[in-house]
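J.: For reference, the sequence and a predicted model appear below.
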2 protein chains.
Amino acid sequence: MVARTNRPTLRQVAALSGVSVKTASRALNAEPYVSAATAAKVRAAAEQLGFRRNAIARDLRAGARSTLVGLIIGDLANPFYSRLARGAERRLRSSGLPLITASSEEDPQLEQRLIAEMLERRVSALLVVSSAAEHAYLDAERRLGLPVVFLDRAPQDIVADTIVIDNERGVRQGVDHLVRQGHRRIGLVGDLGRLSTHRERVAAFGAALTAAGAGDWQRYVRADSHDVPAAERAVRELLALTPAPTALITTNNRITTGALRVLRELAAPPALVGFDDFDLADLLGVSVIAHDPERMGELGAELIVTRLAGDDGPARRVLLPTRLVPRGSGERRPAHLDETV
Amino acid sequence: MVARTNRPTLRQVAALSGVSVKTASRALNAEPYVSAATAAKVRAAAEQLGFRRNAIARDLRAGARSTLVGLIIGDLANPFYSRLARGAERRLRSSGLPLITASSEEDPQLEQRLIAEMLERRVSALLVVSSAAEHAYLDAERRLGLPVVFLDRAPQDIVADTIVIDNERGVRQGVDHLVRQGHRRIGLVGDLGRLSTHRERVAAFGAALTAAGAGDWQRYVRADSHDVPAAERAVRELLALTPAPTALITTNNRITTGALRVLRELAAPPALVGFDDFDLADLLGVSVIAHDPERMGELGAELIVTRLAGDDGPARRVLLPTRLVPRGSGERRPAHLDETV
């Protein structure tokens, strides 16, 4: 590391302005008992020397806790996460709390290491989109007074503040919409099977199809399509079945992209409804189950601010609404219906 | 803020393991002069109590400087920035340096405030995509030994490490490609006029068109289209001119999206080449001038690591290459040429 011997000190600011170190400190921190003239003199000296207050020392004096809030997401380059992060950042900034973001790449080990690093630097609170199955170590921190809010994925092993999408209702909206167009053989291409969001979406999918009288839905479910190429493979696999599904539900934006790459090659593509809205989905005519990731980040930040202000009430669970946006791909009817008309 | 009276202290860890505070500290920081047996005993006690080392105090002792690196970008929700941030984050993580990211929303005042906050918390280095025209205050920090790397936009008033796209060559590739299809009246829809990237791209645009014998190019230039609706308005304005441009260059991903929204309504849309590649551009058949924002973040982080390791050589300027990706929209010929064939 570069040596920092030439950084101006508070002592030098005090000397240049002809006051004591204590007075200089009071003037720079806008504390009382300093005349306006003295304060101006000290500020001018600080500016001349390029002096900056030390927020680390200030945080440390305030009880070994910084004002930083930590956010763990899967991958900053996925628009779902970057929108969530923007929502959290804006809300926290308005309360003077800076945000540190780190990406776990959906790796539970890396996630735990990143959280440990954040705890060592005494973040004041944590927002976590967790890809791990175990959260006991975080529960210990919560009991020590650290606000922790889980976003998007509810922890299964502990009770904590959680903000999630209404996955059950969202998937039901999608399935019901396809069923109304005459579809019964509907495929689902899903994310990592160990994620709670995946399990919730598959359960809702099965319930909605069973209610519609389609008993063999499990044949048409594929999991673990965590990137675009994996989603492409899963879609090709489903479409090669006999009989093939006449419609698909993709459970996140990446998977929808993979499906679109396959479907554009087909003369008579199956219907498609994707979970997550995304940029340009309107231009591509993709029907989606939309929700608001930015709002999720904002509400998480809001809850952190409330907890930091002393609210120690029971853990809260916030459910975010979804809405079906028809744009063409989800309104295609099964080929046999159109043929027999 | 929540009181943190129940956080276990190093003193408690030392008491539980029956050693002095100094020995406990050495054991937890893996320093020499502690037997393996003692170290194991102290670690077990720390784990039992839920003790965590204090990275703030450690950073402070190491010379009032943390290991945090600060990154200022325009907007986390823009994929250009989120990819850049991911590249920087990955490279810094491999050197044990956590990243704090903040969005300036292209507001020079907010940018300066965010940087001041980061400096007060003694970040060890700064990566900045600056939307400001003045950087003298940052130059003062650089002279005090703070590594600062400018990304995407070169500072005009100071000499500093800079990583930028080869805007001149990129725009020339786009214009030459359109000229080869027979276009001479080419419109340019650009970002905020005060940004160096905008000025460089417009200058390259004018030079390439002048070389192609199109003298009245300035009529077809529009600036300050910083969001999708503004880009839509600018495109409509250009297409209403007589004679209208037969091709468009859009200078970033957001502007390209705006242009696509207008062009899809037209029976005979003008040709289009967009600066920045983006998700789904292939499915939409959009020809682009591509570059690698993740690589920009990575190289910026690389340079920070080198500077922190003591490299105090002269400021460096890295130029990132661009490449034209033809996908259909940039290969449309002017209508009059096709008619007269």
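T.: That came through, no problem.
J.: How far off centre is stretch A:84-94?
T.: Offset of stretch A:84-94 from its chain centre (CA atoms, centre = their mean, to the nearest Å): 11 Å.
J.: Likewise for stretch A:34-48?
T.: With CA atoms, centre = their mean, you get 44 Å for stretch A:34-48.
J.: Can you name the residues in contact with that stretch?
T.: For stretch A:34-48, contacts defined as CB atoms under 8 Å, 6 or more residues apart in numbering or on different chains pick out A:13-14, A:16-19, A:23-24, A:26-28, A:30, A:51. In short, each C-beta sits where N, CA and C put it, glycine included.
J.: how about a cut-off of 10 Å?
T.: The contact list for stretch A:34-48 (CB atoms under 10 Å, 6 or more residues apart in numbering or on different chains) reads A:8, A:10, A:12-19, A:22-28, A:30-31, A:51-53, B:137, B:140.
J.: Can you point out the buried residues in it?
T.: Neighbour-count burial for stretch A:34-48 flags A:34, A:38-39, A:41-43, A:45-46 (criterion: 16 or more other CB atoms under 10 Å in any protein chain shown).
J.: For A:V202, grab the count of nearby residues.
T.: A:V202: 20 surrounding residues under other CB atoms under 10 Å in any protein chain shown.
J.: tell me the phi and psi of it?
T.: Torsion angles at A:V202 (phi, psi; degrees, to the nearest 10) stand at phi -70, psi -40.
J.: and it, what does it touch?
T.: A:V202 is in contact with A:167, A:171, A:188, A:190, A:193, A:217-218, A:221, A:223, A:251, counting by CB under 10 Å, 6+ apart.
J.: same check, this time on A:R307
T.: Counted by CB under 10 Å, 6+ apart, A:R307 has contacts A:124-125, A:142, A:145-149, A:161, A:313, A:316, B:2.
J.: hang on, the earlier thing: narrow the contacts of stretch A:34-48 to just the buried residues.
T.: Using 16+ other CB under 10 Å as the burial test, the contacts of stretch A:34-48 include A:8, A:10, A:12-14, A:16-17, A:19, A:23-28, A:51-53 as buried.
J.: in stretch A:253-273, what counts as buried?
T.: For stretch A:253-273, a neighbour-count test (16+ other CB under 10 Å) marks A:253-263, A:269-273 as buried.
J.: now, which of those residues lie close to chain B?
T.: Applying CB under 10 Å from any CB of the partner chain, the subset of those adjacent to chain B comprises A:253-254, A:256-257, A:260-261, A:263.
J.: Tell me how many other residues surround A:V318.
T.: A:V318 has 16 neighbours, counted by other CB under 10 Å.
J.: Using the three-state scheme, assign it.
T.: strand (DSSP: H, G, I helix; E, B strand; the rest coil).
J.: Pretty sure A:Q173 sits against A:V273.
T.: Yes - applying CB atoms under 10 Å, one finds A:Q173 in contact with A:V273, separated by 8.6 Å.
J.: Between the two, which contacts overlap?
T.: Counting by CB under 10 Å, 6+ apart, the contacts common to A:Q173 and A:V273 are A:289, A:324.
J.: residues touching the nearest residue to A:L283 once chain neighbours are set aside, list them.
T.: Leaving aside its sequence neighbours, A:L283 sits nearest to B:L260 (CB to CB, 6 or more residues apart in numbering or on different chains; 5.7 Å). Shown in contact with B:L260 (CB under 10 Å, 6+ apart): A:280, A:282-283, B:228, B:231-232, B:235, B:250, B:269, B:272, B:274, B:281, B:284-286, B:329.
J.: In PyMOL, select just the buried ones from these.
T.: Buried residues within these, by 16+ other CB under 10 Å, are selected in PyMOL with:
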select buried, (chain A and resi 280+282+283) or (chain B and resi 228+231+232+235+250+269+272+274+281+284+286+329)
